[in-house]
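K.L.:
Need the 3D shape of this:
(one chain, ligands or ions: 1)
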Amino acid sequence: MSDVRVAVAGLGYWGPNLARNFSALPGCEVAWLCDASDEALERIGRQHPGARQATDLAEVLADDTVDAVVLATPVPTHADLAVRVLESGKHCFVEKPLATDVADAERAVAAADRAGRLLMVGHLLEYHPGVGLLKEIADSGELGDLHYVYSHRLNLGKLRADENALWSLGAHDVSVLLYLLGEEPSEIEARGESYMRPGVEDVVFCFMRFPSGRAAHMHLSWLDPHKERTLTVVGSKKMATFDDMDIERKLTVYDKGFDETAEGYGEYITRSGDIWSPRIPSREPLRIECEHFLEAIRTGAKPRSDGASGLRVVRVLETAQAALEASRRPAHV
Ligand SMILES: NC(=O)c1ccc[n+]([C@@H]2O[C@H](COP(=O)([O-])OP(=O)(O)OC[C@H]3O[C@@H](n4cnc5c(N)ncnc54)[C@H](O)[C@@H]3O)[C@@H](O)[C@H]2O)c1
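P.N.:
Next up is the predicted model:
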């Protein structure tokens, strides 16, 4: 089978990681590197001497031997560039989030349908073996009925101007929530504050309620002394935490909860049983994600984080953004 020829566009902070992973995968060739900046092309080009270089995506799209384009450009460019890639007859991997609003995300999904090409969104955590095992455990019923989920994504991290903490950090947690729970929230409340740049929230607290009655909360911040990336699921039988900062214990299951007393009468006793951590394969999630994209191209299978799932994430983020904006105008006493 011939190699899948990939072009990587956007070689700032994240794009070089995608180029590195695609070029390391068997049966894949990074044929083009594209960035608006000559400096980025020169810097990353040294690591991929066989790849051609372009400052304008049009040059890449004109090459009929390119099968797929990977977009790691700033979020406001995603939808327009993805539509151009798909309309040129190439498959498209676009970094998260798919777009800055639902209308643009729908445009990209429609372009993929029209062109009959793949659209996959880089919702990295859906390819994390620890998240995969957490989903398996939750789906098996071991945790009982899922009651609520909360996540912390905190750091003194990259300060962004064209997205706030909700869109930049929350895109990860929303994709995991939708993946784990298999439903979209019906109610969203969000509050946040901007300290570094006016109008760009550095910290966001977001509460969601789902049609099944489950709830979720996200605490997102790039202005925090702690580096935390945790997600806790509380079920009727057991509880579990995914901690991406922990090297050895990425996933921990707690046999904790309340049991009804033998006598009944609505009395409960606390159960505080075993705590265990299953072994998680230590493969790089980004490598798995890139492999998944290539596999989908080869087999025609629908990627896990396809355009429709990327659109669902954008729908939640757009509603949360509206809630955030509404919360800026509270009624004063
Ligand atoms: N999955 C993850 O964990 C993860 C982590 C970081 C960033 N990201 C995502 O990656 C994307 C890029 O983020 P970043 O931090 O690397 O941004 P960045 O600003 O560091 O890099 C963007 C690059 O795109 C280039 N660019 C801009 N417009 C272009 C165009 N029209 N054609 C070609 N090149 C163009 C810029 O010159 C720049 O080099 C975002 O969607 C972000 O959300 C994902």
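K.L.:
Around the ligand, pick out the residues from the stretch 1-150 of the chain.
P.N.:
9-15, 34-37, 40, 57, 72-75, 77, 95-96, 122, 124 (C-beta under 6 Å from any ligand atom). No exception for glycine: its C-beta is placed from N, CA and C like everyone else's.
K.L.:
how about a cut-off of 5 Å?
P.N.:
9-10, 12-14, 35-37, 40, 72-73, 75, 95, 124 (C-beta under 5 Å from any ligand atom).
K.L.:
Kindly indicate which of those residues lies nearest the ligand.
P.N.:
Ranked by distance to the ligand (C-beta to the nearest ligand atom), those are led by Gly12 at 1.9 Å.
K.L.:
did I read that right, that closest one in a strand?
P.N.:
No - using DSSP: H, G, I helix; E, B strand; the rest coil, the secondary structure at Gly12 is coil, not a strand.
K.L.:
what's the closest non-adjacent residue to it?
P.N.:
Of all residues not flanking Gly12 in the chain, Ala40 sits nearest, at 6.5 Å (C-beta to C-beta, 6 or more residues apart in numbering).
K.L.:
Relative to Leu177, how far out is the one you found?
P.N.:
33 Å (C-beta to C-beta, to the nearest Å).
K.L.:
Show me which of these two is the more surrounded one.
P.N.:
Leu177 (26 against 19; other C-beta atoms under 10 Å).
K.L.:
does Leu294 sit in a helix or strand, and which one?
P.N.:
Using DSSP states H and E, Leu294 falls within helix 285-299.
K.L.:
Trp32 now?
P.N.:
strand 28-34.
K.L.:
Look at Thr261 and say how many residues are nearby.
P.N.:
Thr261, neighbours per other C-beta under 10 Å, totals 11.
K.L.:
What residue, apart from its backbone neighbours, is nearest it spatially?
P.N.:
In space, Thr261 is closest to Glu267, 4.4 Å off (C-beta to C-beta, 6+ apart).
K.L.:
Likewise for Val69?
P.N.:
Nearest one to Val69, counting by C-beta to C-beta, 6+ apart, is Val85 at 4.4 Å.
K.L.:
any idea of the pLDDT on the residue nearest to Thr261?
P.N.:
With respect to pLDDT, Glu267 has a value of 90.
K.L.:
ok, now the one 5 residues further on?
P.N.:
Confidence at Ser272, expressed as pLDDT, is 94.
K.L.:
Now for it, which secondary structure element holds it?
P.N.:
Ser272 belongs to strand 268-276, assigned by DSSP H and E.
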